[in-house]
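# sequence and predicted structure, then a few things I'm wondering about:
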Amino acid sequence: LRRAGVAHDVKLYPNAGHSFLSDAENVPRALAPIMRRITGFGPEPESAAHAWRRIEAFFGEHLAAE
């Protein structure tokens, strides 16, 4: 991306798995602990809050009307 001149912002969230931006578990409540442990699916509020701030800032900078 850098070589191609494409604006980008990449950040890894080691404590977050798939669907970490969700506000709620996306599996039945009884399965949530198992799915979380096995697949990493589910919310990660601290990482999500940080990611949303970065997403909004990136969009604000690159999609703002001129």
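Everything's here; your move.

# can you report how many residues neighbour Phe20?
By the measure other C-beta atoms under 10 Å, the count of residues near Phe20 is 18. Yep, even glycine has a C-beta here, placed from its N, CA and C like the rest.

# from Phe41, how far out is Pro28?
12 Å (C-beta to C-beta, to the nearest Å).

# what sits against the residue minimising distance to the centre of the chain?
Per C-alpha atoms, centre = their mean, the C-alpha nearest to the average position across the chain is that of Leu21, at 4.5 Å. The contact partners of Leu21, by C-beta atoms under 8 Å, 6 or more residues apart in numbering, come to 43, 48, 51-52.

# residue ranges with poor pLDDT in the protein?
24-27, 36, 40, 66 (pLDDT under 70).

# tell me the helices in it, going along the chain?
Remark: helices assigned in the chain by DSSP state H are 32-39, 45-62.

# and the shortest one, how far from the chain's centre?
Here the centre of mass of C-alpha atoms in helix 32-39, compared against the chain's by C-alpha atoms, centre = their mean, to the nearest Å, lies 18 Å away.

# try stretch 44-59
Mean C-alpha position of stretch 44-59 versus that of the full chain (C-alpha atoms, centre = their mean) differs by 7 Å.

# just the residues contacting it, thanks.
7, 9, 11, 13, 15-17, 20-23.

# how near is Phe41 to Pro14?
In terms of C-beta to C-beta, Phe41 sits 16 Å off from Pro14.

# neighbour count winner among these two?
The residue with more neighbours, out of Phe41 and Pro14, is Phe41; 18 against 6, by other C-beta under 10 Å.

# that one contacts Ser19, doesn't it?
Yes - Phe41 is within contact range of Ser19, at 5.4 Å (criterion: C-beta atoms under 8 Å).

# surely Gly17 touches Arg37?
No - contact criterion C-beta under 8 Å: Gly17 and Arg37 do not qualify, at 10.2 Å.

# those two: which is more packed in?
Shown here are Gly17 and Arg37; by other C-beta under 10 Å, Gly17 has more neighbours (16 against 10).
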